[in-house]
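Asks: coords please:
(one chain, ligands or ions: 2)
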Amino acid sequence: MNIRFIGSENGLLTFKKLLNGKANVSNGADAKDALIFEISSLEVLYKIPKRNFGVPVFFYLTTPNKTVISNIKEYRISGILFPPLNADAIMSKLVRSQTQDAAVNERDYETLRIKIIAKAENIPTLPAIAQELIKLTRNTSQAAIGQVTSKIKMDQGISSKVIKLVNSPFYGVRKEIASIDRATMLLGFSSVKNIALAISLDQYYQKPFNMYKTTGQAIWQHAYNVALISSEIGKHLQQDCDALYMAGLMHDIGKVVMVDFLVKEVEYVQDEREQLGCSHAEIAAVIMNKWSVAPAIVEAVKTHHDAGSELYGRIVATANNIDHDKENTDEYIYQLNSEHPIQDIDTLKNSIQTILSDNTDDS
Ligand SMILES: [Fe+2]
Ligand SMILES: [Fe+2]
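Replies: Residues are numbered from 1 along each chain as shown. Ligands and ions are numbered 1, 2, ... in the order given. The predicted structure is shown next:
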């Protein structure tokens with residue numbers, strides 16, 4: 001077996017020593033049976049393209065950095081090699097990757113991608129009310145706001161769900177709110193608008209999501225939490241909270257289309273890429289462009305699983321991590337804070353706790 005090693009001279013020597021002559025390891029481009037990348041830092045990892053290399057790829061980890069480990073799942077690789085290692089363990093991994101059914105090749109991926117994108121482009125249009133809500137900007141006239149409010153009021157299904165959600169602890173109302181007008185008065189139009197938008201999207205989640213090992217209701221609830229958390233973070237970073245809310249709300253909408261193509265259960269984005277050659281984040285962008293969502297919001301969603309994304313993408317990624325891994329909320333906040341200083345971090349942490357402790361069970 002001929003293995004190409006990409007990394008430091010020292011790494012190559014150590015790896016050769018580890019293999020003890022059981023395979024040919026070199027840094028020459030002609031070695032074609034497997035590729036080994038030495039991952040010694042986050043910077044090194046970020047430089048590796050997230051594509052299919054056409055041969056089994058392994059990451060040889062020489063750093064205990066936790067961020068590196070959590071970002072590895074984004075890559076299309078056959079396995080990770082990390083200490084303690086011995087020649088037999090390495091060889092059994094390498095040989096297994098060779099005998100496995102050849103991964104779907106690039107051409108199959110391309111055909112699949114085209115099919116998935118076509119389906120994403122044919123996703124049912126947004127309900128009229130959602131389209132109007134999306135069009136509203138911060139300097140919308142009172143008259144336009146009034147019109148949308150009366151449409152929300154007229155829609156029994158939406159208004160009763162809005163009223164239910166405005167009474168959740170996150171909004172901190174003391175006396176129960178019983179009408180849309182009262183909700184608008186107490187919480188402001190922006191909150192009512194955002195809640196109505198969340199509700200108008202729930203129809204896309206009314207199908208089985210077994211391949212994601214979850215339910216449509218759970219994905220919707222997760223999207224709603226990520227929307228609230230993203231917007232809350234945005235407030236503390238003085239960013240456009242409504243835009244971040246919308247990005248959070250739609251960040252996983254791609255799963256609505258992807259789920260129709262998955263044939264095996266998936267756990268990580270990496271699993272989607274392995275099966276279908278694309279991710280729910282890319283497909284979400286197709287859907288959102290179709291819905292004429294603002295480009296900055298689409299970009300944030302498209303990059304919510306990428307390392308090194310721009311601020312909005314980072315905020316949505318942080319909110320997503322927090323909702324999936326609630327116990328480590330502080331860690332995610334401090335990480336973001338080290339890149340983008342957050343004002344009043346304790347208030348932010350408290351608001352997030354309220355959102356997380358406040359899962360509605362049906363809507
Ligand atoms: Fe996601
Ligand atoms: Fe998510």
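Asks: Quick check: closest non-adjacent residue to residue 306.
Replies: Nearest residue to residue 306, sequence neighbours excluded (CB to CB, 6 or more residues apart in numbering): residue 313, at 6.7 Å. The way it works is simple: take the backbone N, C-alpha and C, and place the C-beta from them, glycine included.
Asks: Was I right to think residue 149 contacts residue 185?
Replies: No: Residue 149 lies out of contact with residue 185 (CB atoms under 8 Å); the separation is 10.8 Å.
Asks: Report the closest residue of the stretch 151-300 of the chain relative to ligand 2.
Replies: Residue nearest to ligand 2 within the stretch 151-300 of the chain: residue 252 (4.4 Å; CB to the ion).
Asks: Assumed that residue was part of a strand.
Replies: No: counting by DSSP: H, G, I helix; E, B strand; the rest coil, residue 252 is located in no strand; its state is coil.
Asks: Let me see the contact set for it.
Replies: Applying CB atoms under 8 Å, 6 or more residues apart in numbering to residue 252 gives the contacts 219, 222, 223, 226, 280, 284.
Asks: Just the ones in helices from the residues you listed, please.
Replies: Mapping the contacts of residue 252 onto helices (DSSP state H) picks out 219, 222, 223, 226, 280, 284.
Asks: Can you select the buried ones among those for me in PyMOL?
Replies: Entered in PyMOL, the line below selects the buried ones among these, by 16 or more other CB atoms under 10 Å:
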select buried, resi 219+222+223+226+280+284
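Asks: got the ones in helices among the contacts of residue 252 as TSV, with pLDDT and distance to ligand 2 columns?
Replies: Shown next, in TSV, are the ones in helices among the contacts of residue 252 (pLDDT from 0 to 100; distance: CB to the ion, whole Å):
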residue	pLDDT	distance to ligand 2
219	97	8
222	97	6
223	97	7
226	98	6
280	97	8
284	98	10
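Asks: Among the ones in helices among the contacts of residue 252, which one lies nearest to residue 113?
Replies: Closest approach between those and residue 113, by CB to CB: residue 280, at 12.8 Å.
Asks: Just to check, that closest one is in contact with residue 271?
Replies: No: with contact defined as CB under 8 Å, residue 280 does not count as touching residue 271 (10.9 Å).
Asks: Using the record, which stretches count as separate domains in this protein?
Replies: Domain assignment for the chain by automatic domain parsing gives 2-103, 201-356.
Asks: where exactly do the helices run in the stretch 251-363 of the chain?
Replies: Remark: helices assigned in the stretch 251-363 of the chain by DSSP state H, counting those that start in this stretch are 255-258, 269-276, 280-290, 295-302, 311-324, 329-339, 345-356.
Asks: do the stretch 1-150 of the chain as well
Replies: Using DSSP H, counting those that start in this stretch, helices in the stretch 1-150 of the chain cover 9-19, 42-46, 66-72, 87-99, 106-121, 128-135, 142-154.
Asks: Ok, which of the ones you listed comes nearest ligand 2?
Replies: helix 66-72 (14.4 Å).
Asks: Report all helices and strands that that closest one contacts.
Replies: On a contact count with 3 or more CB pairs under 8 Å, 6 or more residues apart in numbering; DSSP states H and E, helix 66-72 meets helix 42-46, strand 57-61.
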